[in-house]
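J.: Kindly generate the corresponding structure for this input.
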Amino acid sequence: METASVRLGLRANWQQFALLVVVNAFVGAMVGMERAILPLLAEQEFGVASRVATLSFVASFGLTKALANLLAGRLGDRIGRRRVLLAGWLAGLPVPWLLMWAPSWAWVVAANVLLGVNQGLAWSMTVIMKIDLVGPRQRGLAMGLNEAAGYLAVSLAALATGYVAATYGLRPQPFYLGVVFSGVGLLLSALFVRETQHHADLEARQHFDASAPVPSFREVFVRTSWRDRRLFAVCQAGLVNNLNDGMAWGLFPLFFAALGYGLTQIGWLAALYPAVWGLGQLVTGALSDRIGRRPLIVGGMLLQGVSIGAMLFSDAFAWQAAAMVGLGIGTAMVYPTLLAVIGDVAHPAWRSTAVGVYRLWRDGGYVVGALLAGVLADALSIPWAIGAIAALTLLSGGVAATTLAETRPLPAEKVSGGRGASGR
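T.: As a prediction, this is how the structure comes out:
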């Protein structure tokens, strides 16, 4: 791409931006095909009784995705975003086939290792490429659209596979959809997606001091994880957000089944939470560009904690549906806004690496959530596990309230080496 033809902004790049929205919907659908049925598959088809063993698929997914995020961020800065995106789709191709024909639960866990690679590489790149395209002014809107597409697809895929499972059984028919998702996603990415590294270079020249040295990987890791208090705040919030999502993925279907709900009802509840999460981000991403990042992150974490805890107070379907709506709204407030903070603070030269570090911590929450929820469910009960995760989520909101300073860019803002690189 010629440098003279590169422009920043959503309007200037709407075709590539819209294509990346569609691609990310297929990335999200790969996860959604598991959301309603995999814990039930463990219990009913493979006879897995231990909750820790059941949630091992979430832990393997989360650990692999977290490490893939870190690798994706660094590779995106070094070899370009598009190549990493394609590698992610190649890793996802075998997943539905393994789930369809797995002879043991260990094969399902192995399939989720590949799914973690797919999500870590492909979703990371759709995030970074959209940040590259839009520039600093509409970053919250861009992240809202990206995450909305992904999690609406999670919801629709969960609903679809729940209905297919209720009609035909848990395997293999629900996973036929995954063959379509992975094939179409790879074809779109290979044939039509273009590299966006030139857009990041242009933003660096326009909005940052070009003479600022590029920090080493170790420096970016330490700055993102701890030294910059704003980035620390979003890393811990992201970890706890996915900690409770990992618990939701692994335990909610079992909790709903224990309440006496059938597969269709479980499918609706499994779809409702990510549907609200996805649709809500169409509003919250752009809202953070107007009112700031901090109110949405702090308020969203607190609402998540309250909603998870509320599940324990009634077994009525309407009550559980309301709790899923509250959890979805809280997550929608947080998810795109956390990524927008990373984009606000990180210099374009090391932004991809910083996104990778953040997503390492965020998706490490799946591992922590799976292990913690599984141990508590085995030692005490599923309701006790849900209550403990609710309390941790409320605590994370408190940490964000005390450590996160506002990062929303001011007009014509230009600083050296990243906005407020020393941290606060």
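
J.: what's around Leu394, how many residues?
T.: Using other Cβ atoms under 10 Å, Leu394 has 18 neighbouring residues. For every residue, glycine as well, the C-beta is placed using N, CA and C.

J.: Okay, and it sits in which element?
T.: Here Leu394 sits within helix 382-403, counting by DSSP states H and E.

J.: elements contacting that helix?
T.: Applying 3 or more Cβ pairs under 8 Å, 6 or more residues apart in numbering; DSSP states H and E, one finds that helix 382-403 contacts helix 229-258, helix 294-310, helix 351-379.

J.: got the buried residues for it?
T.: 382, 385-390, 392-394, 396-397, 399-401, 403 (16 or more other Cβ atoms under 10 Å).

J.: of the residues you listed, closest to Glu195?
T.: Distance ranking of these against Glu195, using Cβ to Cβ, places Ala400 first at 34.7 Å.

J.: where's the closest one relative to Val23, distance?
T.: 31 Å (Cβ to Cβ, to the nearest Å).

J.: Toward the C-terminus, what is the element adjacent to the helix or strand containing Val58?
T.: Using DSSP H and E, Val58 maps to helix 56-79. Remark: after helix 56-79, the chain's next helix or strand is helix 81-92, criterion DSSP H and E.

J.: roughly how far out does the helix holding Leu394 sit from the chain middle?
T.: Centre-to-centre, helix 382-403 and its host chain are 19 Å apart (Cα atoms, centre = their mean, to the nearest Å).

J.: how many degrees apart are that helix and helix 229-258 in direction?
T.: 160 degrees (axes from the mean of the first three to the mean of the last three Cα atoms, to 10 degrees).

J.: shift numbering so it begins at 403
T.: Understood, numbering begins at 403; the last thing we discussed is helix 784-805.

J.: which residues touch helix 784-805?
T.: Identification of contacts with helix 784-805 by Cβ atoms under 8 Å, 6 or more residues apart in numbering yields 453, 631-632, 634-636, 638-639, 641-643, 645-646, 649, 653, 656-657, 660, 696, 699-704, 706-708, 710-711, 713-714, 771, 774-776, 778-779.

J.: Poorly predicted segments of this structure, please.
T.: Applying pLDDT under 70 to the chain picks out residues 403-406, 609-614, 812-826.

J.: can you rerun that using 80?
T.: By pLDDT under 80, the weakly predicted segments of the chain are 403-406, 438, 451, 537-542, 603, 605-616, 750-751, 754, 811-826.

J.: element containing Phe419?
T.: Per DSSP H and E, Phe419 falls inside helix 416-437.

J.: Determine the set of other helices and strands touching the one helix or strand His601 maps to.
T.: His601 is part of helix 599-609 when elements are defined by DSSP H and E. For helix 599-609, the packing partners by 3+ Cβ pairs under 8 Å, 6+ apart come out as helix 507-536.
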